[in-house]
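Novice: how would this look folded up:
(one chain, ligands or ions: 1)
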Amino acid sequence: MRLSVIGCGYLGAVHAAAMVSIGHEVVGVDVDAGKIESLSRGEAPFFEPGLPEILTEAIATGRLRFTTEIAEAAGAEVHFVAVGTPQQKDGSAADLTYVDAAVDALLPHLTAGAVVAGKSTVPVGTAATLAERVATAGATLVWNPEFLREGFAVKDTIDPDRLVVGVPFHDGSATAEGERAADMLREVYHPSVAQGTPFIVTDHATAELVKVAANAFLATKISFINAMAEIAEVTGADVTTLADAIGHDVRIGRRFLGAGIGFGGGCLPKDIRAFSARAEELGRGESVAFLREVDAINMRRRDRAVDLVVAALGGSVFKKNVTVLGAAFKPFSDDTRDSPALDVAVRLFGLGAWVTITDPEAIPNARALHPQLNYVDDRDEALRSADAVIVVTEWDQYRRELSPEHAGSLVNRRVIIDGRNCLDAAAWRADGWAYYGMGRP
Ligand code: UGA
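Specialist: A predicted model of the protein is given here:
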């Protein structure tokens, strides 16, 4: 099929390349000429395992091109809108400027019968408004939320665990136009459909809500275990054992019960805030009032990590060498948006510590946000002369490949704070380190 992808940021770039890899012809459009140039050369403007490979392969097929000219999207059967919906600068709601601009720019190039598929995360009710505009061109709007995880984006896009398509509904079922649009999306995702991946056809509002509900649930799960960590801290219990034990219950499950400095990134934090703001607008603020608590618990864990470093250094970090291992919001990513890791580093710096920070991938992004910190590429160099070390992103380089003996030969004092509960506490202690976990004795 002929497809277009409007917005070639993270989501759009991955989607465009993935759609070519399953046989389609794709034109990717973005207003950012720099991004388009780099993607056209097969270079991803961000770190994502596997993306450079599928991008290069896709370009070599001759079925993928990138452009700044939206007119080149004309003629596509399905147009994916994959622009960002960041948090508003002066509030917690989502900023829909880019979605509105993308749909407006696309309108004159739509042909009758085409489908516009929204992939961006939007407040419920957005699709209904956009659908009217798209209908003026004789096209159909569907909402097709994305559930990909950074670091696994290629796999999640090519082989998703479910596909959700919100189409025009009337009286509780899809209209004829909606059925046709759903069939076109089935054709787009033919390999997944053929192998039986759940394909859920629903109305616009449900599709929009599925996305925010999923992220709200994941954020709540993380904050739940972090709340248990807070209780563990005053009772001498161990939250990691607690998580293992409750995780054996298949109704609960162990995944996303990793207690530590909490969640960050470009999705969970802004999505729960936008959901709260939207629920308020709908007069149902109380229904998701718990999300404010989820956010508050999450932010408190960063304070806790800083307090642990301060306590471990005898009450003050002033003029102490603190090495921060990690800057990305999670491993396998160079993303530092709302990164708890970077936030902890910045707070320690604010308390007067001499902070040295390292990360295998995220230093350029971190430096752009916080140039005041001392960035060191080499892990061992960063560890040299540390009075305390804090692990804030659980990269394998810190979790598996750093031995207590080796680290001990580099630092000034054997003090380690495990902000992600990813180290073997017994092994570090056995080697003479003062080890402090999050919610662990
Ligand atoms: C999240 C969702 O997991 C995706 O399904 C969704 O598509 C995506 O947002 C999105 O809306 O685009 P992502 O932001 O890539 O994906 O990251 P996650 O893997 O969800 O991790 C989020 C944060 O939670 C990270 O900072 C991670 O360190 C933290 N986390 C995760 C924990 O603190 N504990 C855990 O047990 C798991």
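
Novice: Return the residues in contact with the closest residue to the ligand within the stretch 301-441 of the chain.
Specialist: In the stretch 301-441 of the chain, the residue that lies nearest the ligand is Lys330 (3.8 Å; C-beta to the nearest ligand atom). No exception for glycine: its C-beta is placed from N, CA and C like everyone else's. By C-beta atoms under 8 Å, 6 or more residues apart in numbering, the residues touching Lys330 are Glu150, Gly151, Gly264, Gly265, Thr393, Glu394.

Novice: Was I right to think the third one contacts Ala328?
Specialist: When you say that, I think you mean Gly264. No. Counting by C-beta atoms under 8 Å, Gly264 does not reach Ala328; the two are 9.2 Å apart.

Novice: which residues are in contact with both of the two?
Specialist: With C-beta under 8 Å, 6+ apart, Gly264 and Ala328 have common neighbours Ser339, Ala341.

Novice: of these two, who's got more company?
Specialist: Remark: of Gly264 and Ala328, Ala328 carries more neighbours, 29 against 23, as counted by other C-beta atoms under 10 Å.

Novice: The closest residue to that one other than its chain neighbours - how many residues pack around it?
Specialist: Among residues not flanking Ala328 along the chain, Ala362 sits closest, at 3.9 Å (C-beta to C-beta, 6 or more residues apart in numbering). By the criterion of other C-beta under 10 Å, Ala362 has 27 neighbours.

Novice: and the residue of the stretch 301-441 of the chain closest to the ligand, what helix or strand is that in?
Specialist: Using DSSP states H and E, Lys330 sits within no helix or strand.

Novice: let's have the chain start at 58 instead
Specialist: With the count now opening at 58, the last piece we talked about shows up as Lys387.

Novice: ok, back up a step: could you check the pLDDT of the residue nearest to Ala385?
Specialist: As predicted, Ala419 sits at a pLDDT of 98.

Novice: circling back to that earlier point, same list, the contacts of Lys387, but only the ones touching the ligand.
Specialist: Among the contacts of Lys387, the residues within reach of the ligand (C-beta under 6 Å from any ligand atom) are Glu207, Gly321, Gly322.

Novice: Might you report the residue contacts of the second one?
Specialist: Under the criterion of C-beta under 8 Å, 6+ apart, the contact list for Gly321 reads Phe386, Lys387, Arg394, Asp395, Ser396, Pro397, Ala398, Asp400.

Novice: Look at it and give its secondary structure.
Specialist: coil (DSSP: H, G, I helix; E, B strand; the rest coil).

Novice: Equivalent analysis for Thr380, please.
Specialist: Applying three-state DSSP: Thr380 is strand.

Novice: what's the nearest residue to it if we skip its chain neighbours?
Specialist: Looking at Thr380 with C-beta to C-beta, 6+ apart, the closest residue is Ala443, at 3.9 Å.

Novice: What residues does this structure have near the ligand?
Specialist: So the chain meets the ligand at 178, 203-207, 272, 275, 279, 313-315, 317, 319-322, 324-325, 386-387 (C-beta under 6 Å from any ligand atom).

Novice: Helices - which of these land there?
Specialist: Members of these lying in helices (criterion: DSSP state H): Asn272, Leu275, Ile279, Leu325.

Novice: tally of neighbours for the second one?
Specialist: Applying other C-beta under 10 Å, we find 18 residues neighbouring Leu275.

Novice: ok, it touching Cys324?
Specialist: No. Applying C-beta under 8 Å, one finds Leu275 not in contact with Cys324, separated by 9.2 Å.
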